[in-house]
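my questions are about this predicted structure, shown below with the sequence.
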Amino acid sequence: MALRLVIIGGVAGGATAAARARRLNEDADITVFERGEYVSFANCGLPYYIGDVIRAREDLLVTTPEEFKARYRIAVRTLSDVASIDRAAREVVVNDLRTGESYREPYDRIILSPGAEPVGLPPGYGEFDNVFTLRSLLDADRIKVHAERSGPKTAVIVGAGFIGLEMAENLARKGVKTTIVEKLPQVMNTFDREMVSPVHDHLRENGVNCLLERSISSVLGRGTVSAILTDRGEEIPCDVLVLSMGVRPDNGLARRSGLEIGDLGGIRVNALMMTSDPDIFAVGDAVEVKDLVTGFPTLTALAGPANRQGRTAADNAMGRRTVYRGTLGTSIVKVFGITLSSTGASEKTLRAKEVPHLVSYTHSNSHAGYYPGAEMMTIKLIFSPGSGRILGSQIVGGAGVDKRIDVMATAIRGSMTVFDLEEIDLAYAPPFSSARDPVNIAGLVASNILKGDHEIVHGGDLKNIGGTTVLLDLRDMEDLMKSSPIEGAVHIPFGRLRKKMEKLDRERSYITYCEVGTRSYAGHRILAQRGFRSKNLSGGYRTYKALTSGD
């Protein structure tokens, strides 16, 4: 008798698992149940569809049930909600949302891919026709229809994660006066705060009002929201309210079926993507998997990991042993002209988990500075204080950010160190990079820290320096005219440091800085080799401002 595989949920995890299972077993009886109308669509493209960047709705449809059946001989039943799993009878109970009828379907193995559900307004707020979440193609349709009918002039977005920022950009580009309300002191909470600090100003420069450390206290209007009130008493007009406050694992079916749920609320799986029932596997946004850097459980609502987990689950459901080693959570998002990217562990995560680490900041051009169009990027590199093993990286800038974060993700996956980044051979031609790529430079700086050639201090620590420590501003006058020195700093242009050096008090310690940390590193080396106690401000004045800005 052919093995009966039931897959519950489509999109990245479920659809991938179904296709992989068929490639491994031509005779298996494979059925996909999807409670939505579409088995596979491009979730990540939804904000750009709303903003008319993607104009054709059908471009978002990855495949249809008919195409799936023709290509893979897999039965796809959309608008079919699996209400329960009868593990004793080895059957699933399915509600047909078209007819309202219920029926049972037998199984030998199950792969769960229920995804996650968006966080909505708390109970008691009521129902409104202009309040939306964005998780499905139908959600996008509702927003598009509302926008076409009512022509909104104002919008409020609650939450500043991936969807919130992408929606803010796309609404603003359509001429909608948009306000972001975020309860945390930063956008993109998965990043360290200083790395996203420039984004706050960038949003405002592009017409998006960014209100941090605020939450909604109430909404005004009956049936239709006309304005929201923040917990600081601010009233903000609102023709469209988009809730982007994050997602929670859709674990209801798993709970009802007696499967183990982890401490983070996700379905607990092992490295085979197997749940507490050996015949039921789970993948995607609803599962807890191992963080590849820290080893702790984590939730990762990203399409890439869901795709790979679907493949792993299908392998094991079909009898082929494959291990999912963990996730790095590599991510990237565009916000107008800035690109934010991250891979591995953030510094805040490592601090919370009490994992020893060191940090370096570098600022580099995307390609050779003499070739037109070079854009600055900031690289934060997080690494082990002993071996130099790379633990995480965050890169913010313009052109070229995407390929550098992919190099970092590959390096972490390969257990590489910052010393390897010094030597890694990367493609160079003036339109694409520099002879020393920004990744090489990040590796060189981190390596120098570990070798003891580069003693650093971070901007957030300057408030704790003692009275015997002197800040030396080594910027030239052109940079100094753009921004005033750090309070208490002594200005000596780098080119005059050697001449002025003998007038410095050798009983004092010195912290050098320039705009991005390059010239001041050279100054630090000069002072150190002349017997002065010296450190360099990591990332220079630019990173200091990001670390200490009040936003």
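Arrived safely. Residues are numbered from 1 along each chain as shown.

CA atoms for contacts and neighbours, from now on please.
OK.

for the host helix or strand of residue 512, name the packing helices and strands.
Taking DSSP states H and E as the criterion, residue 512 maps to strand 509-513. Counting contacts by 3 or more Cα pairs under 8 Å, 6 or more residues apart in numbering; DSSP states H and E, strand 509-513 packs against strand 469-473, helix 518-529, strand 533-537.

kindly export it (C-alpha atoms) in CSV.
The C-alpha trace of strand 509-513 is given here as CSV (Å, rounded to 0.1, in the frame of the first residue of the first chain):
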residue,chain,number,x,y,z
SER,A,509,45.4,58.1,28.6
TYR,A,510,44.1,59.0,25.2
ILE,A,511,41.2,58.0,23.1
THR,A,512,41.5,58.9,19.4
TYR,A,513,38.7,59.3,17.0
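
could we number from 616 for the rest of this?
With 616 as the first residue, the last one maps to strand 1124-1128.

so what touches that strand?
1072, 1083-1090, 1134-1136, 1138-1139, 1147-1152, 1155-1156 (Cα atoms under 8 Å, 6 or more residues apart in numbering).

rewinding a little: looking at the helices and strands packed on strand 1124-1128, which is buried most?
Burial of the helices and strands packed on strand 1124-1128 is given as mean neighbour count (mean count of other Cα atoms under 10 Å); strand 1148-1152 ranks first at a mean of 25.

OK, contacts around residue 1015?
Residue 1015 touches 981, 1047, counting by Cα under 8 Å, 6+ apart.

so for the closest residue to residue 675 other than its chain neighbours, what's the pLDDT?
Distance criterion Cα to Cα, 6 or more residues apart in numbering; nearest residue to residue 675, sequence neighbours excluded, is residue 657 at 5.1 Å. Predicted confidence (pLDDT) for residue 657: 85.

ok, the one 5 residues further on next?
pLDDT, residue 662: 92.

could I get the helices and strands packed on strand 1124-1128 as TSV with distance to residue 844 and mean pLDDT?
Output for the helices and strands packed on strand 1124-1128, formatted as TSV (distance: least, Cα to Cα, whole Å; pLDDT from 0 to 100):
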stretch	distance to residue 844	mean pLDDT
strand 1084-1088	45	93
helix 1133-1144	46	95
strand 1148-1152	42	95
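
helices of the stretch 1016-1165 of the chain, residue ranges please.
Secondary structure of the stretch 1016-1165 of the chain (DSSP state H, counting those that start in this stretch): helices located at 1016-1028, 1033-1038, 1053-1066, 1092-1097, 1112-1115, 1133-1144, 1155-1163.

next secondary structure after whatever helix or strand residue 778 lives in?
In the assignment (DSSP H and E), residue 778 maps to helix 777-788. Note on helix 777-788: by DSSP H and E, the next helix or strand toward the C-terminus is strand 792-797.

which elements pack onto that next one?
So strand 792-797, by 3+ Cα pairs under 8 Å, 6+ apart, packs with strand 769-773, helix 777-788, strand 823-827.

out of the ones you listed, which gets nearest to residue 835?
strand 769-773 (12.8 Å; Cα to Cα).

surely residue 692 is within a helix?
No: counting by DSSP: H, G, I helix; E, B strand; the rest coil, residue 692 is not found in a helix; it is strand.

give the bridge partners for it, please.
For residue 692, the beta-bridge partners are residue 648 (DSSP bridges).

related to what we said a few turns ago, residues contacting the helix holding residue 778, please?
Contacts of helix 777-788 (Cα under 8 Å, 6+ apart): 662-663, 665-666, 749, 770, 772-773, 792-795, 803, 821-823, 857-859, 948-951.

so how far is residue 719 from the residue nearest to residue 728 when sequence neighbours are not counted?
Distances taken as Cα to Cα, 6+ apart place residue 624 nearest to residue 728, at 4.7 Å, with adjacent residues excluded. As for residue 624, its distance to residue 719 is 17 Å (criterion: Cα to Cα, to the nearest Å).

tell me which of those two has more neighbours.
residue 624 (28 against 15; other Cα atoms under 10 Å).

picking that back up, in JSON lines: the helices and strands packed on strand 1124-1128, plus distance to residue 975.
Formatted as JSON lines, the helices and strands packed on strand 1124-1128 follow (distance: least, Cα to Cα, whole Å):
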{"stretch": "strand 1084-1088", "distance to residue 975": "19"}
{"stretch": "helix 1133-1144", "distance to residue 975": "12"}
{"stretch": "strand 1148-1152", "distance to residue 975": "10"}
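
state the distance from residue 737 to residue 860.
For residue 737, the distance to residue 860 - Cα to Cα - is 12 Å.

and the two? Which one has more around it.
The neighbour count for residue 737 versus residue 860, taken as other Cα under 10 Å, is higher for residue 860 (21 against 7).

follow-up on the earlier one: could you give the angle of the helix holding residue 778 to strand 823-827?
Using axes from the mean of the first three to the mean of the last three Cα atoms, to 10 degrees, the interaxial angle of helix 777-788 with respect to strand 823-827 works out to 150 degrees.

could you tell me the angle between helix 777-788 and strand 792-797?
160 degrees.

return the alpha-carbon coordinates of helix 777-788 using PDB.
Listed next in PDB are the C-alpha coordinates belonging to helix 777-788 (Å, rounded to 0.1, in the frame of the first residue of the first chain):
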ATOM      1  CA  PHE A 777       9.700  44.100   8.100                       C
ATOM      2  CA  ILE A 778       6.100  44.500   7.000                       C
ATOM      3  CA  GLY A 779       5.600  47.800   8.900                       C
ATOM      4  CA  LEU A 780       8.600  49.400   7.200                       C
ATOM      5  CA  GLU A 781       7.800  48.100   3.800                       C
ATOM      6  CA  MET A 782       4.200  49.200   4.100                       C
ATOM      7  CA  ALA A 783       5.300  52.700   5.300                       C
ATOM      8  CA  GLU A 784       7.500  53.100   2.200                       C
ATOM      9  CA  ASN A 785       4.900  51.900  -0.300                       C
ATOM     10  CA  LEU A 786       2.000  53.900   1.200                       C
ATOM     11  CA  ALA A 787       4.200  57.100   1.400                       C
ATOM     12  CA  ARG A 788       5.200  56.600  -2.300                       C
END
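
now do it, average pLDDT.
Helix 777-788 comes out at a mean pLDDT of 94.

now stretch 1021-1035
97.

identify the residues contacting that stretch?
Applying Cα under 8 Å, 6+ apart, the set of residues contacting stretch 1021-1035 is 943, 945, 958-959, 998, 1002-1008, 1054, 1057-1059, 1061-1062.

so how far is stretch 1124-1131 from its chain's centroid?
How far stretch 1124-1131 lies from its chain's middle: 32 Å, per Cα atoms, centre = their mean, to the nearest Å.

which SS class is residue 775?
coil.
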